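Participant: Next come a sequence and a model predicted from it.
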Amino acid sequence: MPAPRSLDLLVKVARLYYLDNLSQSAVARELGLSTSSVSRILAAARDQGVVEIRIHDPGTLAQVPDLERALRHGFGINSATVVQRPRGSTALDVVAAATARRFEQRAPHLTTLGLSWGITVDRFVDEVRVEPIHSALEICPLVGGLPSEAGPAANRSLEVLAQKSGATSFRFDAPSVVESPQTWAALSRESMVTNALTRAAGVQEAFVGIGSYNLHNSVRVVDAMRMNDEERAEFARQRPAGDICGRFYDQQGRELGLPTTQRVIGISLDQLRSIPHVLGIAAGAEKAPGVAGALRCGALDSILLDEDLARAVLKLAE
């Protein structure tokens, strides 16, 4: 058995090879060793922890395991993904990219996928880079289309995602937000709506954006409902925190009642709970109240957030 190498020798060889960029044969000449001895010394240096090799893949987003554990344990969800935000990137950049990678991994194993609308969903679809081979996959909208002033329409994202992946997409040819309970009641009886909702409720998996009240797209969704002063007051009294698919809830995850429940044409939170796996995605620390409520409402099985938002959610939960 060869004699164990001294720590000083391991460090000396490692410095010459890794820091001074000498070849193994040059290190051998420098120290009066054989090239095979240098090779064994370098292997020993790695085995004993003298040398650590790290590979930084620019295409891989670093995760934050301690925050992921805290979210899982704190909110009782099955899985959590928290991604770091490299310098020069926005929270939306990293969440969209990480969601795109998740879709690329999951698509070959699915036959049906539900998709909501919103800025984060739209961005993740743009980030998807996958060969169009998933012909067995059907992508279904979970809600009707947004009015143009309220942000990206669901049908547009579905069609782009289906084209990129080779999947089939369905349309939801109805508005997601209407201006009166009467319009809501009439549309809810239409076969194109009932069929779309039945299809949405039956998907294997769903990717949904999470909104936070009074921010970004949620503001435009509420404005599109055209509530009168009395309805606005009733809505505010219920202390809305956020929404998923236009379904509002408070910070404790309790779904709000009238008037907003009779303004949305889309899947309900109860129907979302029946889907085997629902991934919620959100970006930006300002969304913490909406995400905290979403995690408590019982509709999400997993979550994907940027690091700053995850910290803000956990701080809020304290």
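Facilitator: Good, I have the coordinates.
Participant: ranges for the strands of this structure?
Facilitator: Applying DSSP state E to the chain gives strands spanning 79-83, 112-115, 138-141, 168-169, 205-209, 211-212, 242-244, 247-249, 277-281, 302-306.
Participant: Tell me which residues touch the nearest residue to residue 84 once chain neighbours are set aside, please.
Facilitator: Counting by CB to CB, 6 or more residues apart in numbering, the nearest residue to residue 84 once its immediate chain neighbours are dropped is residue 62, at 4.4 Å. For every residue, glycine as well, the C-beta is placed using N, CA and C. Residues counted as contacts of residue 62 (CB atoms under 8 Å, 6 or more residues apart in numbering) are 83, 84, 86.
Participant: So for residue 62, what's the pLDDT?
Facilitator: As predicted, residue 62 sits at a pLDDT of 86.
Participant: Could you dump the strands of the chain into CSV with mean neighbour count, mean pLDDT and distance to residue 128 added?
Facilitator: Output for the strands of the chain, formatted as CSV (neighbours: other CB atoms under 10 Å; pLDDT from 0 to 100; distance: least, CB to CB, whole Å):
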stretch, mean neighbour count, mean pLDDT, distance to residue 128
strand 79-83, 23, 96, 16
strand 112-115, 25, 96, 12
strand 138-141, 24, 94, 11
strand 168-169, 18, 92, 13
strand 205-209, 26, 97, 11
strand 211-212, 29, 93, 22
strand 242-244, 28, 96, 21
strand 247-249, 25, 97, 26
strand 277-281, 23, 97, 13
strand 302-306, 26, 97, 14
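Participant: Let me have those in JSON lines, adding distance to residue 185 as columns.
Facilitator: Below are the strands of the chain laid out as JSON lines (distance: least, CB to CB, whole Å):
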{"stretch": "strand 79-83", "distance to residue 185": "38"}
{"stretch": "strand 112-115", "distance to residue 185": "24"}
{"stretch": "strand 138-141", "distance to residue 185": "21"}
{"stretch": "strand 168-169", "distance to residue 185": "28"}
{"stretch": "strand 205-209", "distance to residue 185": "25"}
{"stretch": "strand 211-212", "distance to residue 185": "24"}
{"stretch": "strand 242-244", "distance to residue 185": "21"}
{"stretch": "strand 247-249", "distance to residue 185": "17"}
{"stretch": "strand 277-281", "distance to residue 185": "27"}
{"stretch": "strand 302-306", "distance to residue 185": "34"}
